[in-house]
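> I need the structure of the sequence given here:
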Amino acid sequence: LDCERRHAMIPSPGILAVALVSAALMGLAIQRGATCMVAAVDEAISERRFGRAAALAEAAIWVGGLAAIAAAAGWLHMTPAAYAVTGWTVAGGVLLGVGAWVNRSCVFGAVARIGAGQWAWLATPVGFFLGCLIPVEAPMGHTGSSFGAGPDGVIIMVLFALLAIWRLIQAISARHIGRHLWHPHRATLLIAVTFVTTLLSAGYWAYTDALAALARSMDAMLSLRVMMVAALFGGAVAGGAIAGKLRRERPRGPDVLRCLAGGALMGTGASLVPGSNDGLILIGMPLLRPYAWLAFATMCATIAAAMLVSRRLAARRAADSSHFDHERADP
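Next up, the predicted model:
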């Protein structure tokens, strides 16, 4: 019986190929879109622009819509777990935000940086894995609504239909369809498409969840998840090479330690929520799970607060230094 169970967990070569290609294309899309919540928050604070945030929000809506269609067609039978909103949800969101700020990128952004040859950020997934090893009491999950079910599903489907029609009209009217679709904002939509194909081929998958499962040895398809993580990073590097962004930066010790610490903080926070921003954006938020929205909002607010405080401190130090120099020059 155990042998039969293990055999059933091994995907067929065709499904394995779809899963790995989907993960690689997701990595390429993350690198192309420079997808990162830290960059999105910085853009909102510094430039009063919300392009990156809108791209991530649109990706979440596309995941919700495409997954709902797949569920209605009988192709998707999974029901992601739901979690209660507690104080640990907020604590986890704070740790995710602090970790992303220390790391200078979220878990998506780390993939994009690795794809650009910034090898110090390879320490981020290592740190995330180590953070997941810290024993924390994660909340118990319960069965929630599936994609497209209930009033929440109707809201997502309406938004998805409007976005799909708008994007189709834009694509038809574009002078160069290839350039139009390969724009960084539109490339982010490829994340949604490939995430849904991984749902259909390999089940619920986010690379941080694969790292968490590896830390706890809880995933029956762990070998497949590890291969998909490798494909994700490989796709990101390929995307960087195609775009001419692959710089092959030699990692510096302080950067490696910072990324390791940031990853560990995010791993611990993800254990408390549970879920990191990739799973929150692509699963919890499309399903309108309250815990996912609260954790994500807390993460964004924490990143913004850390940025504002650090900039004020830097400005104060610069002002003090300028005043000291002036006093030395004019005693």
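> Now the residue lying closest to residue 289 once chain neighbours are set aside. Its backbone dihedrals?
Among residues not flanking residue 289 along the chain, residue 82 sits closest, at 5.6 Å (Cβ to Cβ, 6 or more residues apart in numbering). Placement of C-beta: from N, CA and C, glycine included. Note on residue 82: backbone dihedrals following degrees, to the nearest 10 are phi -110, psi 150.
> How about residue 48?
Dihedral pair for residue 48: phi 60, psi 40, per degrees, to the nearest 10.
> Quickly note the distance from it to residue 42.
Look at residue 48 and residue 42: by Cβ to Cβ, to the nearest Å, they are 11 Å apart.
> which strands and helices sit next to the helix or strand hosting residue 262?
Element membership of residue 262 [criterion: DSSP states H and E] is helix 253-272. In terms of contacts (3 or more Cβ pairs under 8 Å, 6 or more residues apart in numbering; DSSP states H and E), helix 253-272 is packed against helix 87-103, helix 107-115, helix 123-133, helix 207-216.
> how about those, which one is nearest residue 269?
helix 87-103 (3.0 Å; Cβ to Cβ).
> three-state assignment of residue 175?
Counting by DSSP: H, G, I helix; E, B strand; the rest coil, the backbone at residue 175 sits in coil.
> For the chain, which segments are assigned as strands?
With DSSP state E as the criterion, the chain has strands at 81-83, 141-143.
> mean confidence for the first one?
Okay, so that is strand 81-83. Averaging pLDDT along strand 81-83 yields 85.
> packing partners for that strand?
Counting contacts by 3+ Cβ pairs under 8 Å, 6+ apart, strand 81-83 packs against strand 141-143.
> Now with 10 Å, please.
strand 141-143, helix 290-329 (3 or more Cβ pairs under 10 Å, 6 or more residues apart in numbering; DSSP states H and E).
> Quick one: mean pLDDT over the first one.
In this model, strand 141-143 has an average pLDDT of 69.
> Tell me, how many residues neighbour residue 204?
Neighbourhood size, residue 204 [other Cβ atoms under 10 Å]: 15.
> Would you agree it is in contact with residue 78?
Yes: with contact defined as Cβ atoms under 10 Å, residue 204 reaches residue 78; the gap is 5.9 Å.
> quick one, what contacts residue 227?
Contacts for residue 227 (Cβ atoms under 10 Å, 6 or more residues apart in numbering) come out as 16, 19-20, 23, 202, 210, 221.
> Kindly recompute the last result at 8 Å.
By Cβ atoms under 8 Å, 6 or more residues apart in numbering, residue 227 lies in contact with 16, 20.
> which residue packs closest to the spatially most central residue of the chain, ignoring adjacent ones?
Geometric centre of the chain, nearest residue: residue 278, 2.7 Å, by Cα atoms, centre = their mean. Once flanking residues are discounted, residue 278 sits nearest to residue 206: 4.5 Å by Cβ to Cβ, 6+ apart.
> Pull the contacting residues for the one you found.
By Cβ under 8 Å, 6+ apart, the residues touching residue 206 are 195, 275-276, 278-279, 282-283.
> so which of those residues would you say is closest to residue 266?
residue 276 (6.1 Å).
> is it true that that closest one touches residue 270?
Yes: proximity of residue 276 to residue 270 meets the contact threshold set by Cβ atoms under 8 Å, at 4.0 Å.
> what touches both of the two?
Residues touching both residue 276 and residue 270 (Cβ under 8 Å, 6+ apart): 96, 128, 208.
> The second one and residue 270, how far apart?
In this case it means residue 128. As judged by Cβ to Cβ, residue 128 and residue 270 stand 7 Å apart.
> same thing with the first one?
Separation of residue 96 from residue 270 (Cβ to Cβ): 7 Å.
> Are there residues contacting both of those two? Which ones?
Shared contacts of residue 96 and residue 270 (Cβ under 8 Å, 6+ apart): residue 276.
> shaky segments in the stretch 101-250 of the chain?
138, 143-145, 148, 217-220 (pLDDT under 70).
> Of the helices and strands packed on strand 81-83, give the one that comes closest to residue 156.
Checking those against residue 156 by Cβ to Cβ gives helix 290-329 as the closest, at 13.0 Å.
> what separates that closest one from the chain centre, distance-wise?
Helix 290-329 sits 24 Å away from the centroid of its parent chain (Cα atoms, centre = their mean, to the nearest Å).
> circling back: take the strands of the chain and lay them out in CSV including distance to residue 317 and mean neighbour count.
Listed next are the strands of the chain as CSV, based on distance: least, Cβ to Cβ, whole Å; neighbours: other Cβ atoms under 10 Å:
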stretch, distance to residue 317, mean neighbour count
strand 81-83, 41, 18
strand 141-143, 46, 10
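> Need these in CSV (columns: distance to residue 108).
Converted to CSV, the strands of the chain look like this (distance: least, Cβ to Cβ, whole Å):
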stretch, distance to residue 108
strand 81-83, 21
strand 141-143, 23
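> So for residue 316, which of those strands sits nearest?
Proximity to residue 316, assessed across the strands of the chain by Cβ to Cβ, is greatest for strand 81-83 (40.4 Å).
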